[in-house]
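K.L.:
Give me the fold of what follows.
(one chain, ligands or ions: 2)
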Amino acid sequence: MEREVAGEKRPSNLILVVDDEPRVRESIRSILEDEGFVVIEASNGQEGLKRVSADKPDSVLLDIWMPDLDGIEVLRGIKQLDADLPVIIMSGHGTIETAVKAAKLGAYDFLEKPLSIDKLELVLRNALSQRALLEKNRALKGEGGRESEFIGVSPVITAMLEQVRIVAPTQASVLITGENGTGKELLARSIHSSSRRSGEAFVAVNCAAIPETLIESELFGHERGAFTGASSRKMGKFDLAHCGTLFLDEIGDMSLATQAKILRVLEEKTFQRVGGNRDITVDVRVVAATNKDLKTGIERGEFREDLFFRLNVFPFHLPPLRERREDIPKMLTRFLSEYGQIYGKPDLVFSPEAERALVEYAWPGNVRELRNVAERLAIITAREVIDLGMVPSSITDEGSGQAGAADSAVEETDYRKAREMFERGFFTRRLDENEWNISRTSDAVGLERSNLHRKMKQLGIRHPEK
Ligand SMILES: Nc1ncnc2c1ncn2[C@@H]1O[C@H](COP(=O)(O)OP(=O)(O)OP(=O)(O)O)[C@@H](O)[C@H]1O
Ligand SMILES: [Mg+2]
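P.N.:
Ligands and ions are numbered 1, 2, ... in the order given. Next up, the predicted model:
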């Protein structure tokens with residue numbers, strides 16, 4: 001039976017049972033319903049994945065041994081859709097090998113068939129409380145899961161959000177451009193959640209992060225035996241995004257060969273798994289993003305013009321933060337209060353001088369940089385009012401400059417320490433994000449390589465594994 005989801009308040013004890021045997025599903029259902037759980041069922045792996053993205057269950061009981069798509073593959077798919085969803089593996093004749101594999105993929109627990117009612121209930125209750133805890137932390141941090149709101153009051157962003165409302169419900173492909181950290185992914189998520197597909201999956205693929213040799217199997221999946229090491233069938237991102245939105249990030253970094261394949265899926269709405277010869281039909285809405293100038297890519301023969309036109313049906317350009325400074329005060333207030341909550345300092349505010357300096361700064365790392373600065377300040381401040389003296393000098397030295405020189409002298413020692421702490425955290429995090437690649441990091445923070453090296457030495461920052 002299909003369960004109606006839209007408009008209904010979701011219970012927080014929704015359990016999905018994936019098992020090919022109707023009698024097993026039926027008996028689990030009757031046990032769990034007696035205990036006050038709400039149960040939905042799927043009779044195979046594909047259906048299970050669909051239920052996960054459509055119904056957002058709180059936990060999954062998954063049979064490991066099913067014909068067609070086996071439990072391990074379903075587990076892998078579920079983890080891609082929702083990494084925090086606790087999945088409990090049920091197995092009748094489990095081998096150590098499968099158990100290890102499942103554990104590595106992040107299975108929450110194992111139950112042996114025939115199931116013990118007490119054990120089943122205990123494991124489920126633990127899984128649900130872990131889930132609730134994770135969700136709460138997520139909500140506090142304002143990241144992932146339930147996404148954060150796209151903040152913007154400047155005319156350019158207001159107009160853009162107006163357009164999002166118009167475009168989101170359509171099937172049109174969207175291309176989002178903008179510098180690093182301007183909010184491309186957040187905008188993509190907002191488009192998905194204001195679309196008719198909001199109940200379905202939002203699947204993000206970072207095209208730059210996947211090695212060339214694996215990108216096809218990532219995107220399209222592969223059949224068992226397609227190549228050495230392909231021991232079972234694998235679902236691709238297009239499979240997972242079926243009925244939902246596929247977010248192709250860093251699209252400017254894809255090889256021409258992959259571009260050709262993507263174009264084909266977009267045009268024909270079908271694809272083949274690697275090593276397969278069956279056409280699989282999909283219904284996905286594509287939102288793509290890049291910080292590169294695709295027009296230049298086209299001129300250089302690195303980006304297909306036909307793919308560009310296909311993706312660029314509806315373009316959005318996110319201007320850098322320095323071109324929409326009106327958005328900064330609201331972002332500052334929001335982020336400071338979010339991080340204040342997390343770090344147990346709920347009433348933080350900026351002094352007017354500090355706010356002015358932050359508004360005038362150029363923000364080469366855009367909103368991401370601003371968010372991180374707000375977090376650092378929330379961590380290091382001992383007072384409720386964050387004044388100019390606490391703002392890193394790399395920020396105050398720029399902009400108008402004169403303001404604040406006198407103020408910061410007052411608290412020199414404190415301030416120095418604060419700045420060092422800030423810088424150490426800031427650079428370590430940027431380096432980490434860029435896998436300790438110096439050129440990439442210096443690009444990301446807008447510093448020369450030599451300056452970055454100097455900073456690292458001065459602050460004693462070293463690669464953690466070296
Ligand atoms: N308008 C906004 N309102 C609230 N938060 C925002 C806004 N824009 C960006 N952010 C936040 O800033 C951070 C960076 O945003 P996002 O990851 O969407 O940027 P991006 O353009 O995809 O960056 P990159 O090019 O580096 O991948 C995220 O934490 C995001 O939530
Ligand atoms: Mg991004």
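
K.L.:
Let me see the domain layout of the protein.
P.N.:
Split into domains by automatic domain parsing, the chain comes to 14-141, 155-319, 322-459.

K.L.:
Which among these is found nearest to Ser148?
P.N.:
Checking the domains of the chain against Ser148 by Cβ to Cβ gives domain 155-319 as the closest, at 7.1 Å. (Each C-beta comes from the backbone N, C-alpha and C, glycine too.)

K.L.:
That closest one and ligand 1, are they touching?
P.N.:
Yes: contact check for domain 155-319 against ligand 1, using Cβ under 6 Å from any ligand atom: residues in range are Gly178, Asn180, Gly181, Thr182, Gly183, Lys184, Glu185, Leu186, Asn291.

K.L.:
Could you check how far stretch 90-103 is from the centre of its chain?
P.N.:
In terms of Cα atoms, centre = their mean, to the nearest Å, the centre of stretch 90-103 is set 29 Å apart from its chain centre.

K.L.:
How about stretch 73-80?
P.N.:
Worked out by Cα atoms, centre = their mean, stretch 73-80 lies 16 Å from the chain centre.

K.L.:
Stretch 181-194 now?
P.N.:
With Cα atoms, centre = their mean as the basis, stretch 181-194 stands 10 Å off its chain's centre.

K.L.:
and if you look at stretch 428-436?
P.N.:
Using Cα atoms, centre = their mean, the offset of stretch 428-436 from its chain centre is 17 Å.

K.L.:
and that stretch with ligand 1, contact?
P.N.:
No: using Cβ under 6 Å from any ligand atom, stretch 428-436 stays clear of ligand 1, coming no nearer than 8.6 Å.

K.L.:
okay, that stretch in PDB with CA atoms only?
P.N.:
Provided in PDB are the C-alpha atoms of stretch 428-436 (Å, rounded to 0.1, in the frame of the first residue of the first chain):
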ATOM      1  CA  THR A 428      44.300  24.400   9.500                       C
ATOM      2  CA  ARG A 429      40.800  24.100   8.400                       C
ATOM      3  CA  ARG A 430      41.400  25.500   5.000                       C
ATOM      4  CA  LEU A 431      44.300  23.200   4.500                       C
ATOM      5  CA  ASP A 432      42.300  20.300   5.600                       C
ATOM      6  CA  GLU A 433      39.500  21.100   3.200                       C
ATOM      7  CA  ASN A 434      42.000  21.200   0.400                       C
ATOM      8  CA  GLU A 435      43.800  18.000   1.400                       C
ATOM      9  CA  TRP A 436      46.900  19.900   2.500                       C
END
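
K.L.:
Okay, buried residues for that stretch please.
P.N.:
Buried residues in stretch 428-436, counted by 16 or more other Cβ atoms under 10 Å: Thr428, Arg430, Leu431, Asn434, Trp436.

K.L.:
which one of these sits closest to Arg196?
P.N.:
Closest to Arg196 out of those is Asn434 (36.8 Å), distances taken as Cβ to Cβ.

K.L.:
The residue in the stretch 201-350 of the chain that ligand 1 sits nearest to: what's it in contact with?
P.N.:
Scanning the stretch 201-350 of the chain for the residue nearest ligand 1 gives Asn291, at 4.8 Å (criterion: Cβ to the nearest ligand atom). Applying Cβ atoms under 8 Å, 6 or more residues apart in numbering to Asn291 gives the contacts Thr177, Gly178, Glu179, Asn180, Lys184, Glu250, Gly252.

K.L.:
for the stretch 251-400 of the chain, what are the low-confidence residue spans?
P.N.:
For the stretch 251-400 of the chain, applying pLDDT under 70 flags the ranges 398-400.

K.L.:
Helices along the stretch 101-250 of the chain, start to end?
P.N.:
Along the stretch 101-250 of the chain, counting by DSSP state H, counting those that start in this stretch, helices occupy 117-141, 155-167, 184-193, 212-220, 237-240.

K.L.:
swap in the stretch 251-400 of the chain?
P.N.:
Secondary structure of the stretch 251-400 of the chain by DSSP H, counting those that start in this stretch: the helices cover 256-268, 294-299, 305-311, 328-342, 352-360, 366-380, 393-396.

K.L.:
Put together TSV for those, with mean neighbour count and distance to Leu124 on each row.
P.N.:
Listed next are the helices of the stretch 251-400 of the chain as TSV, based on neighbours: other Cβ atoms under 10 Å; distance: least, Cβ to Cβ, whole Å:
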stretch	mean neighbour count	distance to Leu124
helix 256-268	16	39
helix 294-299	15	48
helix 305-311	17	43
helix 328-342	18	29
helix 352-360	19	47
helix 366-380	21	35
helix 393-396	20	49
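
K.L.:
Show me the buried residues of stretch 428-436 that map onto helices.
P.N.:
Among the buried residues of stretch 428-436, the members falling in helices are Thr428, Arg430, Leu431 (criterion: DSSP state H).

K.L.:
dump the residue contacts of the residue nearest to Gln171 when sequence neighbours are not counted.
P.N.:
In this structure, Gln171 finds its nearest non-sequential neighbour in Arg285, 5.8 Å apart by Cβ to Cβ, 6 or more residues apart in numbering. Listed by Cβ under 8 Å, 6+ apart, the contact set of Arg285 reads Gln171, Ser173, His192, Ser195, Arg197, Gly244, Thr245, Leu246.

K.L.:
what do you get if the cut-off is 7 Å, keeping everything else the same?
P.N.:
Gln171, Ser195, Arg197, Thr245 (Cβ atoms under 7 Å, 6 or more residues apart in numbering).

K.L.:
Name the residues linked to it by a beta bridge.
P.N.:
Beta-bridge partners of Arg285, counted by DSSP bridges, are Thr245.

K.L.:
so where is the stretch 51-200 of the chain shaky, pLDDT-wise?
P.N.:
In the stretch 51-200 of the chain (pLDDT under 70), the answer is 93-96, 136-147.
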